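A.B. asks: Requesting a structural model of the entry that follows:
(3 chains)
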Amino acid sequence: MNKIEYSLDTRQLSSDIVQWFHDNKRDLPWRQSEDPYHIWISEVMLQQTQVDTVIPYYNTFVSRFPTLNDLAYADEETVLKTWEGLGYYSRARNLQKGVREVVETYGSKVPDNKKDILSIKGIGPYTAGAVLSIAYHQPEPAVDGNVMRVLSRVLLIDDDIAKARTRLLFENIIYDLIPETDPSGFNQGLMEIGALVCKPKQPKCDVCPIAAHCLANEEGAQLEYPVKKKKTPPKPLYFAVVVPQDQHQRVLIQKRPDKGLLANLWEFPMISVEPEQDNLDGIIECEMKNRYNIIVKPKDIETTVTHIFSHIKWHLNVYTADISTVGEDGETYRWVKEAALDSFPFPVSHQKVMKYIKAN
DNA sequence: GAAACGTGGTT
DNA sequence: TAACCAAGTTT
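C.D. replies: The predicted structure follows:
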């Protein structure tokens, strides 16, 4: 890693950022606390997620799990239900794992040093820096997408910010910028400028507190930065979704595996199929018999649901099916009344499916 | 190092 | 509207 050459009044830049932050910061729920546990929750929720989306989840989560110990001793299912709809569900499970580590290993006190806090599940370089600087006032960098966008423009850095190594470059720059007097205001100020002023598409350079320091502004090259490799579009996958109903008006739901996509969330049974595959009745009957020991009579396709993840696009053909006996629960599946579906954590994709079930 | 991992908002 | 984006971490 080369030491970047930049001629810059670092002292002035830092104080401009801190000053602007204290004059312009938004009133956000997690800014009313310096409890490291609260900061931790907010930073995990904010990973790859916008502030407006996080606010209601944060409020609900903190009122349901007010202390670190409350979360540590909660059921994972309850935690996932509280996280339902927020996405990246491993964040919730890792947060609880992490909190349990803190209870067992650190006497319920969030570690205040880099080595220990970085060892905690779900806490990476960004979150570690955020908690250390915001809750413990330590001069550690917290490099997120905002920070890289702002600094790449200020300093005309054209390294690909999609590469993991690039983060180190920005961390090294920040070690030279971050003030001992207010590392929290500095880190949050840099992010806040990124969120409110130095936006990706329409940067408001006319009101930017650090425009005078910004090389991209000087050259009119704001939109050339940051440099970022394009992502490949989501890969399409096709499924038959089967909603079996028994004689007691109960439907069958299945718990997903504890690893991978939507881990430990619930869904209606899914069968992987080919895009153009039709005449699925035989396959559905066979799979339902093998998996759940039920004899189903599939009806026509009820509806079609599509759902786009970051890397996958699901095409779901939804079938309802009656069984002429009473369903029995298994290790990873349950027969539940429609009204009871709401107590299980479902991904948004299957909330869409559920909407049609409840309408009929 | 690159892909997996969710969802909703914006342009 | 089809990308692109958003306070990243894990494998």
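A.B. asks: quick one, helices of chain A?
C.D. replies: Assigned by DSSP state H, chain A shows helices spanning A:10-24, A:36-45, A:51-64, A:68-72, A:76-83, A:90-105, A:114-118, A:125-134, A:145-155, A:166-177, A:183-196, A:215-219, A:281-292, A:348-358.
A.B. asks: could I get those helices as CSV with mean pLDDT?
C.D. replies: Output for the helices of chain A, formatted as CSV (pLDDT from 0 to 100):
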stretch, mean pLDDT
helix A:10-24, 95
helix A:36-45, 97
helix A:51-64, 96
helix A:68-72, 98
helix A:76-83, 98
helix A:90-105, 98
helix A:114-118, 97
helix A:125-134, 97
helix A:145-155, 96
helix A:166-177, 96
helix A:183-196, 96
helix A:215-219, 95
helix A:281-292, 95
helix A:348-358, 93
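A.B. asks: Now render those helices as a markdown table, adding mean neighbour count and distance to DNA strand C.
C.D. replies: Any C-beta I mention is one placed from the backbone N, CA and C, and that applies to glycine too. Formatted as a markdown table, those follow (neighbours: other C-beta atoms under 10 Å; distance: least, C-beta to the nearest atom of the strand, whole Å):
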| stretch | mean neighbour count | distance to DNA strand C |
| --- | --- | --- |
| helix A:10-24 | 17 | 10 |
| helix A:36-45 | 23 | 6 |
| helix A:51-64 | 15 | 5 |
| helix A:68-72 | 19 | 16 |
| helix A:76-83 | 18 | 14 |
| helix A:90-105 | 19 | 6 |
| helix A:114-118 | 15 | 8 |
| helix A:125-134 | 24 | 3 |
| helix A:145-155 | 24 | 4 |
| helix A:166-177 | 18 | 8 |
| helix A:183-196 | 23 | 4 |
| helix A:215-219 | 16 | 14 |
| helix A:281-292 | 16 | 26 |
| helix A:348-358 | 17 | 13 |
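A.B. asks: between those helices, which gets nearest to DNA strand B?
C.D. replies: Of all the helices of chain A, it is helix A:348-358 that lies closest to DNA strand B, at 3.7 Å by C-beta to the nearest atom of the strand.
A.B. asks: number of nearby residues for A:L86?
C.D. replies: When neighbours are defined as other C-beta atoms under 10 Å, A:L86 has 19 of them.
A.B. asks: In this structure it contacts A:L46, no?
C.D. replies: No - with contacts defined as C-beta atoms under 8 Å, A:L86 does not count as touching A:L46, sitting 10.6 Å away.
A.B. asks: hey, what's in contact with both of those two?
C.D. replies: Among the neighbours of A:L86, those also in contact with A:L46 (C-beta atoms under 8 Å, 6 or more residues apart in numbering) are A:V54.
A.B. asks: can you put the helices of chain A in CSV and add distance to DNA strand B?
C.D. replies: CSV is the format used below for the helices of chain A (distance: least, C-beta to the nearest atom of the strand, whole Å):
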stretch, distance to DNA strand B
helix A:10-24, 19
helix A:36-45, 9
helix A:51-64, 5
helix A:68-72, 18
helix A:76-83, 9
helix A:90-105, 5
helix A:114-118, 15
helix A:125-134, 12
helix A:145-155, 11
helix A:166-177, 9
helix A:183-196, 12
helix A:215-219, 19
helix A:281-292, 21
helix A:348-358, 4
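A.B. asks: in chain A, which residue is closest to the centre?
C.D. replies: Here the mean C-alpha position of chain A is nearest to the C-alpha of A:Y88 (C-alpha atoms, centre = their mean), at a distance of 4.2 Å.
A.B. asks: Now that one: phi and psi?
C.D. replies: phi 40, psi 70 (degrees, to the nearest 10).
A.B. asks: how close does A:A92 sit to A:G85?
C.D. replies: Going from A:A92 to A:G85 by C-beta to C-beta, to the nearest Å gives 11 Å.
A.B. asks: again with A:Y136
C.D. replies: 31 Å.
A.B. asks: cool, and A:S349?
C.D. replies: To A:G85, A:S349 is 11 Å away according to C-beta to C-beta.
A.B. asks: what does A:L132 give?
C.D. replies: Shown here: A:L132 relative to A:G85, a distance of 30 Å by C-beta to C-beta.
A.B. asks: repeat for A:N279
C.D. replies: Taking C-beta to C-beta, one finds A:N279 at 35 Å from A:G85.
A.B. asks: burial of the residue of chain A found nearest DNA strand B, as a residue count?
C.D. replies: Closest approach between chain A and DNA strand B, counting by C-beta to the nearest atom of the strand: A:G87, at 2.8 Å. Counted with other C-beta under 10 Å, the neighbours of A:G87 add up to 17.
A.B. asks: isn't it right up against A:M45?
C.D. replies: No - applying C-beta under 8 Å, one finds A:G87 not in contact with A:M45, separated by 10.0 Å.
A.B. asks: still on that earlier bit, so can I have JSON lines of the helices of chain A showing distance to A:T325?
C.D. replies: Below are these laid out as JSON lines (distance: least, C-beta to C-beta, whole Å):
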{"stretch": "helix A:10-24", "distance to A:T325": "64"}
{"stretch": "helix A:36-45", "distance to A:T325": "44"}
{"stretch": "helix A:51-64", "distance to A:T325": "39"}
{"stretch": "helix A:68-72", "distance to A:T325": "41"}
{"stretch": "helix A:76-83", "distance to A:T325": "28"}
{"stretch": "helix A:90-105", "distance to A:T325": "35"}
{"stretch": "helix A:114-118", "distance to A:T325": "54"}
{"stretch": "helix A:125-134", "distance to A:T325": "50"}
{"stretch": "helix A:145-155", "distance to A:T325": "53"}
{"stretch": "helix A:166-177", "distance to A:T325": "57"}
{"stretch": "helix A:183-196", "distance to A:T325": "56"}
{"stretch": "helix A:215-219", "distance to A:T325": "68"}
{"stretch": "helix A:281-292", "distance to A:T325": "11"}
{"stretch": "helix A:348-358", "distance to A:T325": "20"}
